[in-house]
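Participant: Let's see this in three dimensions:
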Amino acid sequence: MCCTAVSLAAMVTAFGQNPSQQGRQAPVANAKVTPDDQASFDLAKSYDESGASQQAVAAYRQFIKGSPASPLASKAQYRIAELLESAGDYSKAFDAYQTLITRYPDTPEFEKSVTRQVLIANAFLAGRKLKFFGLEIVPSTDRAEQMFDSIIKNAPFSKNAPVAQFNLGLTFEKQGKLKEAASAYQTVLDKYPNSSIADDALYQIGYIYMQVGKTGKSQDLSALIVAKNTFEDFLLQYPNSEKAAQARDNLKSIGGRESGDLLAIAQFYDRYRNYRSAAIYYNDVIRRQPGTKEADFARSRIETLRSDVGDDALRTGPERAETGEKAALRRRLQAQVETSALSDFNGPARRDIVPDELPVVNKPKLRTESRDVRPLPSVEPALPTQ
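Facilitator: All right, here's what the predicted structure looks like:
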């Protein structure tokens, strides 16, 4: 069963604020608010308090443009984002929060801003529609992908970063980008192994491979095998997870599909009398799914083949057992050939080396010219008298 976007309340452990601040603008240390800055900010605030949100946004922007290093600038930027979000312009609100955390990383509203970004991105992942000139257009998972990616890049150590990374995987999964989704979930396990979202990430990796294997998009059984191993690891690491029951059900489903595929392959080789390959897959069914009806059928068929064609026809490895005499001959011949390959070897050419046990065969020389082919005499010559 696939996950939905993760809520923020109970999913992550704190990782502290984002330490990466290189190249980011910030207010000048110990800067004081000038009377002009205060007056400009108060004007924007008066529009805000009177409910004139558009005028307030414009005034706050004008204030930031004139005094970007003022201690009040980050407050103005945060309020712009809040007003845009309240007005339902979520895409622009996300960008406004993004401007705050990149330009003013020391703001007290850093974590609150990242939290609002994750919630907005979750809404787009769930199907919220973009607005264009005030009109709603089709939902955009592409926009959700951009949002989660921005959060991860700009706040990788935020307490909300594991959720953003996990939901980026959900976004890829919704878009059908299964390889990218599995990689995103694996990043959760690699970067945030102690977060409370780690078990969901491991489960989703197994779920993706199970879906790939069941829909026939894989070239062999490798996807189902990876899914099976992943769910087994999940149950070992998180036996008390709320998804443990679903993981066990998935394992049963995978087992039935896997044994069915193996049995189909075995029967294919059996039908075309490739009994050795058939036996390999029949034995694989028995090994992977002991006690099932497929395993019972495979065991019965192996016994029938053994009775019909013998053990040698089913044996894996060399076609026939090598006798001691032939093994000695093979080793002697190999030694002679290896000796002839030495740089200081002065014996006959390698192609002329023939072991003593084998007869020397003088093959006739190939005739390559017309004069080599002479007509037979019309009259048989007399035999010599002496």
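
Participant: mind checking which helix or strand residue 98 is in?
Facilitator: helix 90-103 (DSSP states H and E).

Participant: Okay, buried residues for the one helix or strand residue 312 maps to please.
Facilitator: According to DSSP H and E, residue 312 maps onto helix 311-314. Within helix 311-314, the residues scored as buried using 16 or more other CB atoms under 10 Å are residue 314. Every residue, glycine included, has its C-beta placed from N, CA and C.

Participant: Stretch 190-203 too?
Facilitator: Of the residues in stretch 190-203, those scored as buried under the neighbour-count criterion (16+ other CB under 10 Å) are 191, 192, 195, 197, 198, 199, 200, 201, 202, 203.

Participant: Likewise for stretch 66-74?
Facilitator: Of all the residues in stretch 66-74, those buried under the rule 16+ other CB under 10 Å are 67, 68, 70, 71, 72, 73, 74.

Participant: Output those as a markdown table; include the columns pLDDT, distance to residue 107 and secondary structure.
Facilitator: As requested, the buried residues of stretch 66-74 are exported to a markdown table (pLDDT from 0 to 100; distance: CB to CB, whole Å; DSSP: H, G, I helix; E, B strand; the rest coil):
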| residue | pLDDT | distance to residue 107 | secondary structure |
| --- | --- | --- | --- |
| 67 | 89 | 15 | coil |
| 68 | 90 | 13 | coil |
| 70 | 90 | 13 | coil |
| 71 | 90 | 10 | coil |
| 72 | 92 | 11 | coil |
| 73 | 93 | 9 | helix |
| 74 | 93 | 4 | helix |
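
Participant: hmm, back to that, buried sites along the helix holding residue 98?
Facilitator: Buried residues in helix 90-103, counted by 16+ other CB under 10 Å: 90-91, 93-103.

Participant: for stretch 175-182, same thing?
Facilitator: So for stretch 175-182, counting by 16+ other CB under 10 Å, buried means 177, 178, 180, 181, 182.

Participant: got a list of contacts for it?
Facilitator: Residues external to stretch 175-182 that are found in contact with it (CB atoms under 8 Å, 6 or more residues apart in numbering): 141-142, 145, 169-170, 172-173, 204-205, 208-209, 211-212.

Participant: Which members of those are classed as buried?
Facilitator: Neighbour-count burial within these applies to 141, 145, 169, 170, 172, 173, 204, 205, 208, 209, 212; the criterion is 16+ other CB under 10 Å.

Participant: quick one, helices of the stretch 1-150 of the chain?
Facilitator: Here the stretch 1-150 of the chain has its helices, by DSSP state H, counting those that start in this stretch, at 35-49, 53-66, 73-86, 90-103, 110-126, 141-154.

Participant: I'd like to know which of those helices lies nearest to residue 160.
Facilitator: Each of the helices of the stretch 1-150 of the chain has some distance to residue 160 by CB to CB; the shortest is helix 110-126, at 4.9 Å.
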